[in-house]
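K.L.:
Give me coordinates for this.
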Amino acid sequence: MDVLKKQFDQAMLTIYQRAKSEAGYVASVFFRMLNERGGLQTAKYLINAAQPSEGYAKLFELGRLDLTVEAEVVENVRWHSLFSDDELRTARKRLSDYRYTPRDSV
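P.N.:
A predicted model of the protein is given here:
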């Protein structure tokens, strides 16, 4: 499980890098959270928040919900074991609420 968590941490960093290079969005709060909490705890915090984060809203405005934590978690079955059924449901619902259709799980 530790290897999987480290891979997930890297995936979260990749989301940050892609948002910056592909969408021109520098998610500084997200980056700070990654450094302080690690990728898994950051993802769990954001998914379990009552409202989407400002970063989520910004990525929605940019048409890039594919770069959200929620999309990364839902679309990649390899991460599912790191999250509860409720967390996966919450992530799917948030994406659906914003009219994002996740691509098939890889």
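K.L.:
buried residues in the longest helix belonging to the chain?
P.N.:
Counting by DSSP state H, the longest helix found in the chain is helix 2-23. For helix 2-23, burial by neighbour count (16 or more other C-beta atoms under 10 Å) applies to 8, 9, 11, 12, 15, 16, 19, 23. C-beta coordinates here come from the backbone N, C-alpha and C atoms, glycine included.
K.L.:
Now do the helices in this protein.
P.N.:
Going by DSSP H, the chain shows helices at 2-23, 28-37, 39-48, 54-61, 69-75, 85-97.
K.L.:
And those helices: which comes nearest residue 103?
P.N.:
helix 69-75 (5.4 Å; C-beta to C-beta).
K.L.:
Other residues contacting the closest one?
P.N.:
For helix 69-75, the external contacting residues (C-beta atoms under 8 Å, 6 or more residues apart in numbering) are 11-12, 15, 42-43, 46-47, 56, 65-66, 79-80, 83, 87-88, 91-92, 94-95, 100, 102-106.
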